[in-house]
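1. fold the following.
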Amino acid sequence: MKKITLLIIIVSCIFMQGCRPKESHSDPGNAIYYWRTTFTLNDYERSFLQKNHINKMYVRFFDVVDTWSYDDWDNVRPVGTLLFLDSVPQGIEIVPTVFITSEAIEQYNNFTEKLYDRIAAMAATNGISFKEIQIDCDWMESAQGKYYAFMEKFHQLLKEKGLRLSTTIRLAHTNCPPPSADYGVLMCYNTSPMENWETTNSILSTDDVKPYLRYLKSYALPLSVALPTYSWDLAFNKDKQMIYIDYEKSCLSGAHAVKELEKNKYEIISLENDWESSYGEYYKAHYVRHEEVSTATLMEVKDLVLKHLSQTPQHIVLYQLDSAQLSKYSDHDVEEIYR
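-> The predicted structure is shown next:
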């Protein structure tokens, strides 16, 4: 009888184990940056968020810059504050993101409380709840110590409030110890100097990423991966000195005559240019380099980076939510990039 009872128990356990749902690691979803000075979404952008299952948006709230004068923030001040003109989509986590210049970090003297208070006030004013804040800082070597000290103190402040801290990680910083944060977002863009005319594509090049791959496996901070979907034209004067970024691509579209020098480099033969009359010959665009990133390059870089990370990234993040830029990629392309 005992043997029969034991057999029934064993069979029942096996049956229950088979009926129990398998432990699932739910898809954390996709993410995207929003990096403008006004928050407003058109129909394409709202649809993009929905059909690509985006559940997290890193939204730039403001920048912190060095003022070179004393004020309430100890030599730094917030600029470019985001103006909310539209509602935030339901079901998407908003991560307030602040860009701090390297020069401002060098002036750091305990403005962490004021930084948090300003973020919290903006969020409350616009009906936004948040569980995380992200800091974006392309720190130079001279600011490294101050940056690490700031991150340590800000991380501790957020911990006390039950919040998480994330930070952007430049490829060039992957050979340094990670800052104090819950995780980082590896920025796989702006990989080479834009001001150098000889550069082929400053936004993203596989060859520019490869030298940093060896540091990723041992990088002691969980990483998500950010990829660029933006494009621009870079205008150079007759001495091939970069003079401005042409986001509207007006140099090429407004040129009377253009000569293609290489695949994405052009000489402007004739152009009606107000810059010349207003600011002189130095600011006249003689050369233009058009830069955008193909789906093939995005996939190649993503696959390379994922192979070298010590763990699967929580998110693939696109930079940024902009219908004019994203519409160049097919639905299938975006799906593959996020996959």
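
2. now for E113: which residues touch it?
-> When contacts are counted by CB atoms under 8 Å, 6 or more residues apart in numbering, E113 touches L157. Just so you know, the C-beta spots here come from the backbone N, C-alpha and C atoms, and that holds for glycine as well.

3. neighbours of K307, how many?
-> When neighbours are counted by other CB atoms under 10 Å, K307 registers 10.

4. would you verify that it is located in a strand?
-> No. Secondary structure assignment (DSSP: H, G, I helix; E, B strand; the rest coil) places K307 in helix, not in a strand.

5. relative to A143, how far out is it?
-> Distance check for K307 against A143: by CB to CB, to the nearest Å, it reads 32 Å.

6. K217 too?
-> Taken as CB to CB, the spacing of K217 relative to A143 amounts to 27 Å.

7. avg pLDDT for the longest strand seen in the chain?
-> Ranked by residue count, the top strand of the chain under DSSP state E comes out as strand 54-66. When the per-residue pLDDT values of strand 54-66 are averaged, the result is 97.

8. so Q325 sits right up against W232, yeah?
-> No. Counting by CB atoms under 8 Å, Q325 does not reach W232; the two are 9.5 Å apart.

9. can you mark which positions in stretch 193-200 are buried?
-> Buried positions in stretch 193-200, judged by neighbour count with 16 or more other CB atoms under 10 Å: 194, 199.

10. low-confidence ranges in the chain?
-> By pLDDT under 70, the weakly predicted segments of the chain are 1-28, 68-74, 271-280.

11. now the helices for it?
-> Using DSSP state H, the helices assigned to the chain run over residues 2-19, 43-51, 102-106, 112-125, 144-160, 206-209, 250-253, 274-279, 295-308, 323-326, 331-338.

12. buried residues, the second one. List them.
-> It stands for helix 43-51. Within helix 43-51, the residues that qualify as buried are 45, 48-49, counting by 16+ other CB under 10 Å.

13. need the contact list for E262.
-> Shown here is E262, which makes no contacts under the criterion CB under 8 Å, 6+ apart.

14. ditto for the one 4 residues further on
-> When contacts are counted by CB under 8 Å, 6+ apart, Y266 touches 252, 258-260, 287-290.

15. ranking these by neighbours, who comes first?
-> Most neighbours among the contacts of Y266, by other CB under 10 Å: R289, with 25 neighbours.

16. which residues sit in contact with that residue?
-> The contact partners of R289, by CB under 8 Å, 6+ apart, come to 197, 199, 233-234, 236, 264-266.

17. identify the farthest-apart pair in those residues.
-> By the measure CB to CB, the contacts of R289 have their two most distant members at T199 and Y266, which lie 14.7 Å apart.

18. what's around V59, how many residues?
-> One way to gauge burial is a neighbour count; for V59, by other CB under 10 Å, it gives 25.

19. for V98, same thing?
-> The criterion is other CB under 10 Å. On that basis, V98 has 20 neighbouring residues.

20. distance of it from D136?
-> Between V98 and D136 the distance is 7 Å, computed by CB to CB.

21. so what's in contact with the two at the same time?
-> When contacts are counted by CB under 8 Å, 6+ apart, V98 and D136 are jointly contacted by R60.

22. where's W232 relative to D303, distance?
-> Using CB to CB, one obtains 25 Å as the distance from W232 to D303.

23. contacting residues around G184?
-> Under the contact definition (CB under 8 Å, 6+ apart), the residues listed for G184 are 166-169, 178, 221-224.

24. let me see the domain layout of the chain.
-> Domains of the chain are assigned by automatic domain parsing as 27-231+292-338, 232-290.

25. now, of the ones you listed, which is deepest in the fold?
-> domain 27-231+292-338 (a mean of 17; mean count of other CB atoms under 10 Å).

26. what about it, distance to the chain center?
-> For domain 27-231+292-338, the distance between its averaged C-alpha position and the chain's averaged C-alpha position is 4 Å (CA atoms, centre = their mean, to the nearest Å).
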